[in-house]
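K.L.:
pasting a predicted model and its sequence here:
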Amino acid sequence: MFHKLKKMLPITNKETSPLIESYLERILTNPHHDWILNMPRYQKIISFLFESMPIHILKAFSKMDKNIAFIKANGQLSCALGSMNEYHVILVFPDLIQSLRSAAPMYGAAILAHELGHLYHNHSKRDITPLEAQFEADLFACQLGLENELLDVLLDHQESREAQLRIKEIAHYIKTKSIEM
């Protein structure tokens with residue numbers, strides 16, 4: 001089930017390991033995350049996401065003035081809200097939880113990575129179009145190695161014009177990445 005996850009885990013070094021451990025402790029000890037602590041699979045996915053981040057991104061997250069809270073809510077997939085009181089909030093909706101529980105939890109990881117991209121790029125405070133924000137958040141997830149999973153998620157929603165444009169951008173990213181290799 002997690003064979004892809006294990007293959008994708010980066011080799012941590014002396015610089016990243018303490019930073020990852022410290023940040024994951026911050027995430028996992030958050031009082032809003034009991035629902036994550038009750039499911040080891042969710043913990044693995046959260047750990048995977050932060051362990052997959054390049055050091056400069058991980059440092060940026062660890063320096064954020066607010067912690068990230070993954071809050072269960074009702075809706076479709078997920079939503080990042082930026083700053084809410086003392087937290088940057090990512091709403092996690094039932095279909096995302098179902099995806100994280102499924103035989104293919106990496107689709108859920110791709111959605112969470114996309115939402116983390118919104119926080120990383122500070123979209124709640126920047127003056128860009130919603131589509132530009134989606135492209136940046138998609139690229140963030142792609143850079144964590146989740147481009148195929150994100151593409152599959154979007155293909156399930158391809159009836160919207162926005163999803164079609166995002167699919168084209170991710171397909172271009174995948175094609176460019178394969179040429180560079």
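P.N.:
Arrived safely. This structure is a prediction, so every number in the text was calculated from the model and none was measured.
K.L.:
packing partners for the longest helix along the chain?
P.N.:
Looking across the chain with DSSP state H, the single longest helix is helix 161-180. Helix 161-180 sits against helix 130-143, helix 147-155, with contacts defined as 3 or more Cβ pairs under 8 Å, 6 or more residues apart in numbering; DSSP states H and E. (Glycine included, C-beta is placed from N, CA and C.)
K.L.:
now do the buried residues in it.
P.N.:
Residues of helix 161-180 classed as buried by neighbour count (16 or more other Cβ atoms under 10 Å): 163, 166-167, 169-170, 173.
K.L.:
which one of those residues sits closest to Asn148?
P.N.:
Using Cβ to Cβ, the shortest approach to Asn148 within those belongs to Ile170, at 8.7 Å.
K.L.:
mind listing what the closest one touches?
P.N.:
If you count contacts by Cβ atoms under 8 Å, 6 or more residues apart in numbering, Ile170 has them with 138, 142, 147, 150-151, 154.
K.L.:
now the helices: where do they sit in this protein?
P.N.:
Using DSSP H, the helices of the chain run over 3-8, 16-28, 34-37, 40-51, 55-62, 94-101, 106-120, 130-143, 147-155, 161-180.
K.L.:
deepest of those helices, which one?
P.N.:
Mean neighbour count (mean count of other Cβ atoms under 10 Å) peaks for helix 106-120 among the helices of the chain, with a mean of 24.
K.L.:
now that one: mean pLDDT?
P.N.:
Over the span of helix 106-120, the pLDDT mean works out to 96.
K.L.:
what's the angle from that helix to helix 40-51?
P.N.:
Orientation check (axes from the mean of the first three to the mean of the last three Cα atoms, to 10 degrees): helix 106-120 against helix 40-51 gives 50 degrees.
K.L.:
output stretch 106-120 as CSV, nothing but the C-alphas.
P.N.:
Extracted C-alpha coordinates of stretch 106-120, given in CSV (Å, rounded to 0.1, in the frame of the first residue of the first chain):
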residue,chain,number,x,y,z
MET,A,106,-1.4,9.1,-2.3
TYR,A,107,-4.3,10.8,-4.1
GLY,A,108,-5.2,12.3,-0.7
ALA,A,109,-1.5,13.2,-0.1
ALA,A,110,-1.5,15.1,-3.5
ILE,A,111,-4.6,17.1,-2.4
LEU,A,112,-3.0,17.9,1.0
ALA,A,113,0.3,18.9,-0.8
HIS,A,114,-1.7,21.2,-3.1
GLU,A,115,-3.3,22.9,0.0
LEU,A,116,0.1,23.2,1.7
GLY,A,117,1.2,24.9,-1.6
HIS,A,118,-1.4,27.6,-1.0
LEU,A,119,0.0,28.2,2.5
TYR,A,120,3.6,28.2,1.3
